[in-house]
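> here is a sequence together with a model predicted from it:
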Amino acid sequence: MGLKICVLGSGSKGNCTCVWSGKTALLIDVGLSLSRIEKCLGIFGIDPYSVSILLTHVHTDHVGGLEKFVKKYNNEVYVQETSYFLLCEKCKLSKENVMRFTSSEFFVGDITVIPETLSHDVPCVGYSLVSGGKKISFATDTGKLTDKTVTRFSDADLVVIESNHDEDMLKSNASYSAFLKQRILSDRGHLSNATASECAVKLAMSGVRQFILAHLSQENNIPELAFATVRDKLSQYGFAEGKDVNIEVALQDRMSGLFEIT
């Protein structure tokens with residue numbers, strides 16, 4: 001059957017993505033409200049009790065809805081070893097619900113989960129998810145994508161990549177302190193539209209044809225700008241959007257399209 005993916009919501013106020021096969025359903029992060037996630041899963045006929053949860057890191061916009069969701073549905077929660085104690089401080093979860101992993105791949109149902117270490121100001125991972133010969137790769141909340149990560153994502157059928165901010169908008173934002181701006185712009189912050197576009201070119205050259213741009217800042221980005229920046233950079237290298245590659249921008253307040261990779 002392959003894989004299906006829908007970004008239920010993505011941005012600085014909350015993040016949650018659903019990936020599922022014929023037998024297994026995963027949520028990457030639970031940063032949205034319980035009611036919203038329930039409604040989204042209901043649209044696809046996914047039983048919340050059957051869902052397993054993969055965490056990227058423990059910032060509030062990624063775990064803000066986790067405690068209520070797990071309390072109601074008793075899900076397994078997978079978290080990298082280095083984030084375990086941070087998670088325990090942040091959320092009151094039973095130890096029986098929490099599964100710790102290292103850098104090695106593991107299996108959840110019929111999906112192979114391959115963690116990818118990212119560069120953020122707390123321990124953070126991305127993921128590659130493989131089932132039925134199909135692969136989805138996911139990386140948000142990182143200040144850079146190393147060549148090693150790009151190579152590991154290069155055979156994916158679809159890549160979710162952060163396109164957090166426009167550098168000019170961020171630098172001119174008077175409500176952001178110099179310290180905060182530097183944090184976002186650093187290698188342990190977030191990917192800009194320009195950096196995301198450069199990564200997209202490398203991935204497209206390796207054969208990736210579907211991109212979802214995620215984790216856009218509502219203060220320092222505009223969906224149309226993120227889309228245009230990545231589209232134009234790809235076009236410079238001969239990849240026409242809608243013909244050679246497809247780009248979607250995930251939004252904070254609504255679901256993305258449903259992507260079926262078969």
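It's in. As the structure is a prediction and not an experimental result, all values here were calculated from the model.

> for the rest of this, base every contact and every neighbour count on C-alpha atoms.
Noted.

> can you tell me how far the most far-flung residue of the chain relative to its centre is from residue 20?
For the chain, the largest distance from the centre (CA atoms, centre = their mean) belongs to residue 174, which lies 28.2 Å off. According to CA to CA, to the nearest Å, residue 174 stands 42 Å off from residue 20.

> for the closest residue to residue 185 other than its chain neighbours, give me phi and psi.
Closest residue to residue 185 apart from its sequence neighbours, by CA to CA, 6 or more residues apart in numbering: residue 143 at 7.1 Å. As for residue 143, its main-chain torsions (degrees, to the nearest 10) stand at phi -80, psi -10.

> please pull out the lowest mean pLDDT helix or strand from the chain.
Within the chain, confidence by mean pLDDT, DSSP states H and E is lowest for helix 84-90 among all helices and strands, at a mean of 93.

> now what about that helix, what contacts it?
Residues outside helix 84-90 that contact it (CA atoms under 8 Å, 6 or more residues apart in numbering): 58, 100.

> now that helix: buried residues?
In terms of neighbour count (16 or more other CA atoms under 10 Å), helix 84-90 has its buried residues at 84, 87, 90.

> pull out the buried residues from the very next helix or strand once past it.
Later in the chain than helix 84-90, the nearest helix or strand by DSSP states H and E is strand 98-101. For strand 98-101, a neighbour-count test (16+ other CA under 10 Å) marks 98, 101 as buried.

> tabulate the CA atom coordinates of strand 98-101 in PDB.
The C-alpha trace of strand 98-101 is given here as PDB (Å, rounded to 0.1, in the frame of the first residue of the first chain):
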ATOM      1  CA  VAL A  98       7.200   6.100  26.800                       C
ATOM      2  CA  MET A  99       9.600   4.200  24.500                       C
ATOM      3  CA  ARG A 100      13.100   5.500  24.300                       C
ATOM      4  CA  PHE A 101      15.300   5.100  21.200                       C
END
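
> so what does that strand touch, helix or strand wise?
Judged by 3 or more CA pairs under 8 Å, 6 or more residues apart in numbering; DSSP states H and E, strand 98-101 is in contact with strand 77-80.

> partner strands of the strand it packs on, with direction?
The strands beside strand 77-80 in its sheet (DSSP bridges) come out as strand 51-54 (parallel), strand 98-101 (parallel).

> so how far is it from its chain's centroid?
15 Å (CA atoms, centre = their mean, to the nearest Å).
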